[in-house]
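Undergrad: Task: produce atomic coordinates for the following.
(chains A and B, ligands or ions: 2)
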Amino acid sequence: MQGIGLLKGMFVTIQEFFRKPVTEEYPDVMPDLGDRFRGGTIKLKTSKCISCGICMNSCPNGSIKLTSVRDENNKRHLSTYVHDSGLCLYCNLCIESCPVKCIDWTNEFAFSGYSREDLIFDCIDLAKKRGYDVPEVKATPEAGEKG
Amino acid sequence: MQTQKYELNMGPQHPSTHGVLRILLELDGEIVVKATPIIGYLHRGIEKICENKTYVQTIPFTDRMDYLAAMGNNLGISQAIEKLMGVTVPERAEYIRVIMAELSRIASHMICIGSLVMDIGGVTGFTFCIRDREEILELFNRACGARMTFNYIRVGGVSQDLPEGWVDACWKFVNNFDKVMETYNNLIVGNEIVQLRLKDIAILSAERAIAMSATGAVLRASGVDYDVRKADPYGIYDRFDFDVPLGQKGDNWDRFMLRFYEMEQSVRIIKQALEQMPEGPVMAKVPKVIKPPAGEVYHRVENAKGEIGFYVVSDGTTKPYRWHARRAAMVNLQLLDELCHGNKLGDVVAILGTLDPVLGEVDC
Ligand code: SF4
Ligand code: SF4
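TA: Ligands and ions are numbered 1, 2, ... in the order given. Below you'll find the predicted structure:
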């Protein structure tokens, strides 16, 4: 009989009234995105970075640009580190390739700006402002142990 | 009375064209005389871009091709490069790959079904599909940190092992799937309006489907038993017990229903894979700088839209000399004119929906 299917469908939707809602109350309640979420810009631990440039070279889209200077001991120091999140594919290749694991995601997911420049981040500056570069507290060696 | 044919532009901003597809319709009243898909609005030159990247760097770009089933693309290109290098992938990684690819297929079919019923007037069906797909995307997000552009399957395995609790969450999803299907059956399949709109419209014969190189559900709806997972098993697909559903008539309804049957089969595969999955490493030992020996390779996998193939030529350097993708959605879309011919204007969206093109893959 024509119409039975329609009624059955309506019954399905009526049942949904009594289910728990699946909608999230964003932005009042921020969603939990998990610890592997890739988003935002690069969280750089400036003091740990050895300025090797591997992250820049592994980036498929040229979205990381860094420059460094050598000091008198021929050791490199980071002078600029810029992440253009507008160009970023969020592919995670940079994070994985860093030999000292000094970069990670800041994990925001709702960037917006009036121009493309708003999506370019100076990661050294950001690390300073947001205090990402907390030096790791090394446990003081116990007496008798070699430091 | 004197009549005259006229032309109508559908798209590129039409919501039913699933992206930026423009169809130039030649109409005789309400009857379609000719439908010309005009493509290229989303062309990014991915092939050329990839020829200037290292092998590993090309994988994220495949995410942007068929973004509704990107795991399949990741799998295809990774296996192509592995074939070129002769890498064997650890067992656990193989199982994870199968689970991810099949979940991706289900997610993509949900969008196909949902958007098709929405295009022909049933918005409720769409919201149900989107809601259930969300669970899959959440699984992906937990595993690799991205919901659609994964870059998860890599040369030599997968980028990270599954996090704690992931397998249980996945079991929960597949065990609950019967209920999901029941809801769809009552809400969508049983709906008489959907049936009337789809049955016996745009019949595609098996001969024409083969002649036009159709693959995936579009081909199998016409009754041709061809699925790359069975015809040319890649990875570990020969270990699983599953059927290849076939249609009889090749009309819109068959193409539509086949997506449901395929989802059920995918769930069957995932269940077996979850049961058999061993512990162990998820990444083979591959050199940091990938330099495959000079040579060429063509590798194909069955993705949600059909057979996607990657043709990679290596000249022994770190970058591919040639990088080409055979995109199923692009090839299937060429059937549009043939199927629309003689049908009503209102059926164009339904036909397009059953062909299930995704413009990221069509334009590449
Ligand atoms: S995530 Fe990918 S695209 Fe983005 S900066 Fe890192 S390597 Fe570059
Ligand atoms: S790879 Fe790591 S250590 Fe090297 S430059 Fe980049 S952030 Fe610094």
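Undergrad: can stretch A:20-37 be found next to ligand 1?
TA: No - between stretch A:20-37 and ligand 1, judged by Cβ under 6 Å from any ligand atom, nothing touches; the nearest distance is 12.6 Å. In this view, the C-beta of every residue, glycine as well, is placed from N, C-alpha and C.
Undergrad: which outside residues touch that stretch?
TA: A:39, A:105, A:107, A:109, B:131, B:134, B:141-146, B:160, B:163 (Cβ atoms under 8 Å, 6 or more residues apart in numbering or on different chains).
Undergrad: buried ones in it?
TA: Neighbour-count burial for stretch A:20-37, counted by 16 or more other Cβ atoms under 10 Å in any protein chain shown, picks out A:33, A:36, A:37.
Undergrad: for stretch B:3-10, same thing?
TA: Here stretch B:3-10 shows residue B:10 as buried, counting by 16+ other Cβ under 10 Å.
Undergrad: Could I get the full set of strands for the chain?
TA: Assuming you mean chain A. Taking DSSP state E, the strands of chain A run over residues A:42-44, A:64-70, A:76-84, A:103-105, A:120-122.
Undergrad: I was thinking of chain B, sorry if that wasn't clear
TA: Using DSSP E, strands in chain B cover B:6-10, B:22-28, B:31-38, B:153-154, B:157-158, B:295-303, B:306-314, B:320-326.
Undergrad: okay, the ones you listed in a markdown table with distance to ligand 2 and mean pLDDT next?
TA: A markdown table is the format used below for the strands of chain B (distance: least, Cβ to the nearest ligand atom, whole Å; pLDDT from 0 to 100):
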| stretch | distance to ligand 2 | mean pLDDT |
| --- | --- | --- |
| strand B:6-10 | 48 | 88 |
| strand B:22-28 | 43 | 89 |
| strand B:31-38 | 44 | 89 |
| strand B:153-154 | 18 | 90 |
| strand B:157-158 | 22 | 90 |
| strand B:295-303 | 31 | 91 |
| strand B:306-314 | 27 | 92 |
| strand B:320-326 | 24 | 92 |
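Undergrad: export those strands to JSON lines and tack on distance to ligand 1?
TA: Supplementary listing: the strands of chain B in JSON lines, determined by distance: least, Cβ to the nearest ligand atom, whole Å:
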{"stretch": "strand B:6-10", "distance to ligand 1": "35"}
{"stretch": "strand B:22-28", "distance to ligand 1": "31"}
{"stretch": "strand B:31-38", "distance to ligand 1": "31"}
{"stretch": "strand B:153-154", "distance to ligand 1": "13"}
{"stretch": "strand B:157-158", "distance to ligand 1": "17"}
{"stretch": "strand B:295-303", "distance to ligand 1": "23"}
{"stretch": "strand B:306-314", "distance to ligand 1": "21"}
{"stretch": "strand B:320-326", "distance to ligand 1": "18"}
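Undergrad: Hmm, residue B:227 and residue B:220 touching each other?
TA: Yes - between residue B:220 and residue B:227 there is a contact under Cβ atoms under 8 Å: 6.9 Å.
Undergrad: Would you mind grabbing the residues shared as contacts by those two?
TA: By Cβ under 8 Å, 6+ apart, the residues touching both residue B:220 and residue B:227 are residue B:244.
Undergrad: From residue A:53, how far off is residue B:306?
TA: According to Cβ to Cβ, to the nearest Å, residue B:306 stands 41 Å off from residue A:53.
Undergrad: Who has more neighbours out of the two?
TA: Using other Cβ atoms under 10 Å in any protein chain shown, the more surrounded residue of residue B:306 and residue A:53 is residue B:306, with 29 against 14.
Undergrad: How about that one: which residues does it bridge to?
TA: Note on residue B:306: beta-bridge partners by DSSP bridges are residue B:303.
Undergrad: wait, it sits on residue B:219?
TA: Yes - Residue B:306 is within contact range of residue B:219, at 7.1 Å (criterion: Cβ under 8 Å).
Undergrad: count of neighbours near residue B:201?
TA: With other Cβ under 10 Å as criterion, residue B:201 counts 17.
Undergrad: And the one 4 residues further on, by the same measure?
TA: A count of neighbours around residue B:205, defined by other Cβ under 10 Å, yields 12.
Undergrad: so how far is ligand 2 from the most centrally placed residue in chain B?
TA: Residue closest to the mean C-alpha point of chain B, counted by Cα atoms, centre = their mean, is residue B:304 at 2.6 Å. Going from residue B:304 to ligand 2 by Cβ to the nearest ligand atom, to the nearest Å gives 36 Å.
Undergrad: Let me see the contact set for that residue.
TA: By Cβ under 8 Å, 6+ apart, the neighbours of residue B:304 are B:66, B:68, B:69, B:72, B:104, B:105, B:108, B:109, B:112, B:216, B:356.
Undergrad: who's in contact with the third one?
TA: Taking Cβ under 8 Å, 6+ apart as the contact definition, residue B:69 lies against B:104, B:105, B:107, B:108, B:303, B:304, B:305.
Undergrad: residues from the stretch 251-364 of chain B in reach of ligand 2?
TA: Selection of the stretch 251-364 of chain B residues close to ligand 2 by Cβ under 6 Å from any ligand atom yields an empty set.
Undergrad: show me where chain A has helices.
TA: A:4-16, A:54-58, A:93-97, A:123-130 (DSSP state H).
Undergrad: now check the last one, is it near ligand 2?
TA: Yep, that's helix A:123-130 we're talking about. No - residues of helix A:123-130 are not located near ligand 2 by Cβ under 6 Å from any ligand atom, the shortest gap being 8.8 Å.
Undergrad: Residue A:102 is in contact with residue A:49, isn't it?
TA: Yes - contact status for residue A:102 versus residue A:49: in contact at 4.9 Å, counting by Cβ under 8 Å.
Undergrad: So for these two, which residue has more residues nearby?
TA: Ranked by neighbour count (other Cβ under 10 Å), residue A:102 and residue A:49 place residue A:49 first, with 23 against 20.
Undergrad: for that one, what are its contacts?
TA: A:78, A:81, A:100, A:102, A:103.
Undergrad: Pull out the buried members of those.
TA: By 16+ other Cβ under 10 Å, the contacts of residue A:49 give A:78, A:81, A:102, A:103 as buried.
Undergrad: Mind pulling up the pLDDT for the third one?
TA: Read that as residue A:102. On pLDDT, residue A:102 comes in at 89.
Undergrad: Any chance of the backbone angles for it?
TA: Dihedral pair for residue A:102: phi -100, psi 0, per degrees, to the nearest 10.
Undergrad: quick one: contacts for it?
TA: Applying Cβ under 8 Å, 6+ apart, we find residue A:102 in contact with A:44, A:45, A:48, A:49.
Undergrad: Sweet, I'm off.
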